[in-house]
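Asker: Got a predicted model here, sequence first, then my questions.
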Amino acid sequence: MKPITELHHFTPQVQKLKPSATLRINEHSHALAQQGREIIRFGFGQSPFPVPESVVKALQEHAHEKAYLPVKGLPRLRQAFAKYIQRKTGLPAETEDMLIGPGSKELIFHLQMAHESVLLLPSPSWVSYEPQASLLSKPVHWIDTQAENHWRLQPEALEKACLQFPDTHKLLILNYPNNPSGTTYPPELLEALAEVARKYNLLILADEIYGDMHHDGQHQSIAHYYPEGTIISTGLSKWCGAGGWRLGAFYFPSRWRKLLDIMAIIASESFTSVSSPIQYAAATAFEGNEDIEEYLSASRKILKTAAQYVQRKLTEAGIPTAAPEGGFYLFPDFSSLRQGNEQPEYLRNSAAFCDYLLEKTGVALLPGSDFGRPPEELTARLSYVDFDGEQALEAARHLPVDETFLQKYCPKVCRGADLIVEFVKGA
Ligand SMILES: Cc1ncc(COP(=O)(O)O)c(C=O)c1O
């Protein structure tokens, strides 16, 4: 029988979906690897580190848990998450303010479904917010940011956007430390953004999934300045290295309890509840212990050293790259490669550039256009986590984490940086 491909079989929302440039780059990397080429995977955004031992043990101990759990989450986990939010932000978080889901991505999708609003997105932003909105036929308004401001949303730009939608509810997704830029917000900027948010009665989703991956352990939440209107989103995927476990968590201010309850109804009609053993293990993770603190401190040291090394190499080669502050990413701008009037085809846009760089050097980056940047801008996301995190973490317990350490335990990161620099010099 003929396969069904005609678009009229599908809903209008999904008809608009396009395979991303990211998917193409991943397929291209895969094909090159199969030909025996060495690929430096700077396109992936997965934690390189194993799940902390105490959390793995908790999962093993609860493997027999088989019952459906309450839709909003295991009470012990919601309580542990409330205490975690109290510890991290000083906010009076209660067990009732917490919602657990199968990854923060799903919760973000459900939030967008539940809240009648225009979505305000700083550009660049993580790849999934906009397609989620598009699936829900939700309007999206991009707000530009600039490299010279470290890709941080500015209060004036936020205010201008708010003025464009005077009669509509507005949802701002603010992600920091940021994917893709690797930068975060200083307290005074969070405070200034909070003032605008209060003036225009915004709902903010603070996507703080990389909060514990702040390289100096100094993460601060905008909820501190705008507690009444900020939902905090986090999960186990990044700081706990457990992306595949699929556990996300939202903290709601009490004013937004109704939204939490509505999202719980959506959950009850969709995923029901998160896998029981995973929730027990997550309770251990959010409760925290010495093992986890040591793990976080060693992870941060490694990430910081790798990030700074690559950023320095790129900057020295004339490729401006905002100084990294947290997470796994850098966001270099290769526009300086354009010289004179005649441009080679590969400098036409960021997707063509990433394809060409991969073909020539084996280094996979993701094009800035997938993160909401204008296609002609030659920005790209570089994820410096192509190394064996288990080995690196073990070594970081007894060795200084410096350039010698990187050369030994993160050789592909160093080699990837060198290959890009060679390419830039030869271009
Ligand atoms: C900025 C950001 N937010 C949310 C997510 C989703 O994380 P998860 O669904 O694994 O909790 C990711 C994952 O890559 C991310 O980078």
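Answerer: Right, received. Where do you want to start?
Asker: For burial, what's the neighbour tally of Gln154?
Answerer: Neighbourhood size, Gln154 [other Cβ atoms under 10 Å]: 18. (C-beta placed from N, C-alpha, C; glycine too.)
Asker: Per-residue confidence at the closest residue to the ligand within the stretch 301-427 of the chain, what does it come out as?
Answerer: With Cβ to the nearest ligand atom as the measure, Gly327 is the residue of the stretch 301-427 of the chain nearest to the ligand, at 7.9 Å. The per-residue pLDDT reported for Gly327 equals 98.
Asker: Give the full set of residues in contact with it.
Answerer: By Cβ atoms under 8 Å, 6 or more residues apart in numbering, the residues touching Gly327 are Pro177, Asn178, Asn179, Gly182, Tyr210, Met213, Lys238, Leu303.
Asker: Likewise for Ala82?
Answerer: Residues near Ala82 by Cβ under 8 Å, 6+ apart: Ala93, Glu94, Thr95, Asp97, Met98, Tyr251.
Asker: Could you pull up phi and psi at the last one?
Answerer: Torsion angles at Tyr251 (phi, psi; degrees, to the nearest 10) stand at phi -110, psi 130.
Asker: That one is in contact with Pro92, isn't it?
Answerer: No - assessed by Cβ atoms under 8 Å, Tyr251 is found out of contact with Pro92, at 11.0 Å.
Asker: Between those two, tell me which one has more neighbours.
Answerer: Tyr251 (28 against 12).
Asker: hey, what's the more buried one bridged with?
Answerer: Met98, Ile232 (DSSP bridges).
Asker: for it, what are its contacts?
Answerer: Phe81, Ala82, Ile85, Leu91, Ala93, Asp97, Met98, Ala223, Ile231, Ile232.
Asker: Kindly report the same for Gln164.
Answerer: Neighbouring residues of Gln164 by Cβ under 8 Å, 6+ apart: His141.
Asker: Please tell me the pLDDT value assigned to it.
Answerer: Gln164 is given a pLDDT of 98.
Asker: That one and the ligand, how far apart?
Answerer: 25 Å (Cβ to the nearest ligand atom, to the nearest Å).
Asker: Next, that residue: phi, psi?
Answerer: Per degrees, to the nearest 10, the backbone of Gln164 is at phi -80, psi -20.
Asker: same question, Thr184
Answerer: phi -140, psi -170.
Asker: What residues does the stretch 101-250 of the chain have near the ligand?
Answerer: Neighbours of the ligand within the stretch 101-250 of the chain, by Cβ under 6 Å from any ligand atom: Gly103, Ser104, Lys105, Trp126, Asn175, Asn179, Asp207, Ile209, Gly235, Ser237, Gly243, Gly248.
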